[in-house]
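1. After the sequence you'll find the predicted model.
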Amino acid sequence: MCFHTSQTKKAVQLESRFDATFEYPELYEPYYHFNGWETKSLQIITQDDPYLIKPAYWGLMPKNVDISERSNQLRNWNTLNARSEAVLESKLFREPTLNNRCLILVDGFFEPHEFQGKKYPYYIRYKNKEAFAFAGIFNHMEDNIYTASILTTKANPYFERVHNSKNKQGQYRMPIVLDTKEEMDWINPDLKEGDITEQMMFSFTQQEFEDFPVSRDLFSNKVDSNRPTIIEEFHYPEMNTLF
């Protein structure tokens, strides 16, 4: 599951890449590590405003719940991710999937990799280091606040190798990274239910990824992991990960 991301690109780079402008440019700060339980903002592009980049709290919430309850909501119902196979049967996720789809803009993410009974954080990004978009869904809350979730799907062989531990349902999972040519299709408001299902199944990126282990500081609440070195390869002697 995807609970940790990076977005190190400057605002002008994201605007150029996604042909959109920031709604609140003064609020945007690039980051090296965002733990989903923090209160930093994801950057999203919604289907009703495809040329605006907006901030959103990570973790979709019901519209009738006050944003001050976000921490409690996440503890009780972890909505940082949403299983694409089940969203259309979910009371919380069905309506956003049909009518509130979005792009979630990142340039990397972190997953745990298990080796000899221990977990090591791995960083995953495009080989060309470009920004990309997760398939997301959102709710528009009161006071012009957005909340959003990343859609996940059954892992392909590459992600089975990287995030190599199964979830409670016995599956390997991966976030849906949209292919560039499919991004605007995902947020097309005219998509019907069958088209949406097809998009979730077949829109995964054709770009190549790279991955490598990073510091276990990523797992710690006692150190600042939002720093440039957190996305640099870290050598664990027991794993033979020296360059």
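-> Yep, that arrived.
2. make it CA atoms for all contacts and neighbour counts henceforth
-> Will do.
3. Contact partners for the nearest residue to V214 once chain neighbours are set aside?
-> Among residues not flanking V214 along the chain, F234 sits closest, at 4.6 Å (CA to CA, 6 or more residues apart in numbering). Contact analysis of F234 by CA atoms under 8 Å, 6 or more residues apart in numbering lists 212-215, 241.
4. Now do the buried residues in stretch 149-168.
-> 149-155, 159-160, 162-165 (16 or more other CA atoms under 10 Å).
5. Show me these that map onto strands.
-> 149-154 (DSSP state E).
6. can you put the residues you listed in JSON lines and add distance to Q73 and pLDDT?
-> Listed next are those as JSON lines, based on distance: CA to CA, whole Å; pLDDT from 0 to 100:
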{"residue": "S149", "distance to Q73": "13", "pLDDT": "98"}
{"residue": "I150", "distance to Q73": "16", "pLDDT": "98"}
{"residue": "L151", "distance to Q73": "18", "pLDDT": "98"}
{"residue": "T152", "distance to Q73": "20", "pLDDT": "97"}
{"residue": "T153", "distance to Q73": "23", "pLDDT": "96"}
{"residue": "K154", "distance to Q73": "25", "pLDDT": "95"}
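7. Between which two of those is the distance greatest?
-> Spatially, the most separated pair among these is S149 and K154, at 16.5 Å (CA to CA).
8. secondary structure class for G136?
-> The three-state label for G136, taken from DSSP: H, G, I helix; E, B strand; the rest coil, comes out as strand.
9. Now do the same contact list for it.
-> 101-104, 148-151.
10. What is the nearest of these to Y120?
-> I150 (22.3 Å).
11. tell me the contacts of the residue positioned nearest the centre of the chain?
-> The centre of the chain sits closest to I150, judged by CA atoms, centre = their mean, with a distance of 4.9 Å. I150 makes contact with 2, 80-82, 104, 134-137, 175-176, according to CA under 8 Å, 6+ apart.
12. please redo it, this time with the cut-off set to 7 Å
-> Counting by CA atoms under 7 Å, 6 or more residues apart in numbering, I150 touches 80-82, 134-137, 175.
13. shaky segments in this protein?
-> 241-243 (pLDDT under 70).
14. any idea which helix or strand comes after the lengthiest helix in it?
-> In the chain, with assignment by DSSP state H, the single longest helix is helix 193-202. Proceeding N to C from helix 193-202, the next assigned helix or strand is strand 209-213, under DSSP states H and E.
15. What about the contacts of F234, which one has the most neighbours?
-> Neighbours here mean other CA atoms under 10 Å. Within the contacts of F234, the largest count is held by P213, at 24 neighbours.
16. tell me which residues form a beta bridge with that residue?
-> Using DSSP bridges, the bridge partners assigned to P213 are Y122.
17. So for N99, what's the nearest residue that isn't a sequence neighbour?
-> P189 (6.9 Å).
18. Against M174, how distant is the one you found?
-> Spatial separation of P189 from M174 under the definition CA to CA, to the nearest Å is 25 Å.
19. Spit out the contact partners of N35.
-> Contacts of N35 (CA under 7 Å, 6+ apart): 3-5.
20. could those residues be laid out in TSV, adding neighbour count and secondary structure?
-> What follows is those, written out as TSV (neighbours: other CA atoms under 10 Å; DSSP: H, G, I helix; E, B strand; the rest coil):
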residue	neighbour count	secondary structure
F3	17	coil
H4	19	strand
T5	23	strand
